[in-house]
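> this one's structure only:
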C-alpha cells in the first residue's frame with residue numbers, strides 16, 4: 001500500500017527539484033542522432049545549452065549484451081535494429097568525454113541504458129539519474145538492476161498498460177527509488193489523435209507517488225505544452241541540431257529553435273497554472289472603466305419612484321452602486337432631487 005501523499009510527489013536530479021511545484025524539466029533527447037559522430041554529439045550539446053536546456057540525454061548501447069544479431073527493421077528505418085545500434089554505439093570513453101563536455105556547458109548528462117552492461121557503465125560514470133525507455137518498461141530484470149543503484153529513475157511507459165507499469169513501480173517502491181513515469185505513444189511520429197493525454201490522469205490516479213511527464217513523438221511542441229496543464233512535470237522530445245541530418249529519429253526531432261520554444265512555452269504554461277476564480281487587486285484599474293454603475297437617465301425629484309425610464313446602468317464602474325444591484329432599486333424612492341447622468345448612492349435611495 002502507498003501512503004497518502006501530504007504533498008505532491010517530487011524528485012531531485014543533480015540538485016534540480018522536479019514536480020508540479022517547479023518549472024517543467026525539459027529533456028532534449030540526443031539519443032543516437034549523432035550516428036556515432038562525436039562532432040555532431042558535441043554540437044547538439046552546444047545547441048541544447050544555447051537554447052536554454054538544463055539537461056541532455058543520450059542512449060547507452062552495448063549491442064552484444066543488449067540483443068542477439070537480428071534482421072528486425074523498425075518502422076522508422078530501412079535497416080535492421082542490429083545494424084542501426086552497431087553503427088551508432090559510442091565507446092565508453094566517448095560517453096565519458098560527452099558527459100564531461102555537457103557538464104562543462106552547465107548541463108546534466110543523462111542516458112538510457114539498454115542492457116545490464118550499459119547500466120553498470122553509467123553507474124561507473126556516476127550519472128545523476130537513469131532514463132529507462134518504453135521498450136524496457138516491462139524488462140523487470142533490468143529495472144530491478146537499475147533500481148538497486150538508488151538513483152532517481154525516469155521510466156517511459158509506451159507500449160505498456162497500467163498493469164504492466166504497476167509491476168515496475170512496485171520494484172521502485174521496494175528499493176525506495178525516486179521515480180517518474182512518462183506517458184508515451186511508441187509511434188514515430190505520433191498522430192495527434194493517438195497521443196491520449198488522458199493517460200496522465202490515469203497514471204496519477206494509479207500511482208499517486210509518481211512524478212509524471214510526457215515523452216512526445218509528435219511533430220510539434222503543442223502537445224507537450226498542453227501536457228503541462230494536465231500535470232506533466234517532465235517533457236522529453238528527440239533533438240537534433242540539423243533537421244537535414246540522416247538518422248532514424250531525425251524526422252521526429254525538434255531543432256534548437258523548437259527547443260527554445262518548448263522551454264519557454266512550458267514555463268509559460270506552468271506559471272499560468274493554479275489560482276482560483278477571484279478578483280485580483282491588479283484588476284481594479286480595469287474595473288474602474290469597464291464595470292457599469294447605476295445612473296440616472298434624467299432629473300429625478302425627491303420622492304420619485306425609480307423605474308426603467310429614469311434609471312439605468314452606464315460606465316464607468318466608479319459609482320457606489322454597481323449594475324448587479326439595478327433590479328433591487330426599481331420601485332424604491334429618491335430621498336432627494338438628483339441630476340441626470342448621476343451615479344446613484346445608497347443614501348439617495350429610500351429603504
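Yep, that arrived. The shown structure was predicted, so the numbers you read here are calculated from the model rather than taken from an experiment. Numbering: from 1, shown residues only.

> mind listing what's buried along the longest helix seen in the chain?
Assignment by DSSP state H gives helix 256-271 as the longest helix of the chain. Using 16 or more other CB atoms under 10 Å as the test for burial, helix 256-271 gives 256, 258, 259, 260, 261, 262, 263, 265, 266, 267, 269, 270. (C-beta placed from N, C-alpha, C; glycine too.)

> which among these gets closest to residue 228?
Sorting the buried residues of helix 256-271 by how near they are to residue 228, with CB to CB, puts residue 269 at the top with 4.0 Å.

> mind listing the helices for the chain?
In the chain, the helices defined using DSSP H lie at 38-50, 63-66, 81-88, 92-104, 116-124, 140-147, 162-175, 199-206, 222-228, 256-271, 284-290, 326-329.

> and those, which is most packed in?
Mean neighbours per residue, mean count of other CB atoms under 10 Å, is largest over those for helix 222-228, with a mean of 21.

> helices and strands around that one, which ones?
strand 211-215, strand 234-238, helix 256-271 (3 or more CB pairs under 8 Å, 6 or more residues apart in numbering; DSSP states H and E).

> can I get the ones you listed in a markdown table with distance to residue 173?
Below are the helices and strands packed on helix 222-228 laid out as a markdown table (distance: least, CB to CB, whole Å):
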| stretch | distance to residue 173 |
| --- | --- |
| strand 211-215 | 14 |
| strand 234-238 | 19 |
| helix 256-271 | 27 |
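
> wait, which of these is closest to residue 77?
strand 234-238 (13.9 Å).

> domain map for the chain?
14-271, 281-350 (automatic domain parsing).

> what is the neighbour count of residue 126?
Counted with other CB atoms under 10 Å, residues neighbouring residue 126 total 8.

> look at it and report its pLDDT.
We note a pLDDT of 98 for residue 126 in this prediction.

> cool, and residue 322?
For residue 322, the pLDDT comes out at 98.

> and for the one 5 residues further on?
The predicted local confidence for residue 327 comes out at a pLDDT of 98.

> save the helices of the chain as CSV, and put in distance to residue 189 too.
What follows is the helices of the chain, written out as CSV (distance: least, CB to CB, whole Å):
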stretch, distance to residue 189
helix 38-50, 20
helix 63-66, 25
helix 81-88, 18
helix 92-104, 27
helix 116-124, 26
helix 140-147, 27
helix 162-175, 23
helix 199-206, 18
helix 222-228, 11
helix 256-271, 14
helix 284-290, 43
helix 326-329, 56
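
> among those helices, which comes closest to residue 155?
For those, proximity to residue 155 was assessed by CB to CB; helix 162-175 is nearest, at 6.1 Å.

> for stretch 11-22, buried residues please.
For stretch 11-22, a neighbour-count test (16+ other CB under 10 Å) marks 11, 13, 18, 19, 20 as buried.

> tell me which two in these are the farthest apart.
Distances among the buried residues of stretch 11-22 were taken as CB to CB; the most separated pair is 13 and 20, at 15.7 Å.

> end to end, how far does stretch 188-196 reach?
15 Å (CA to CA, to the nearest Å).
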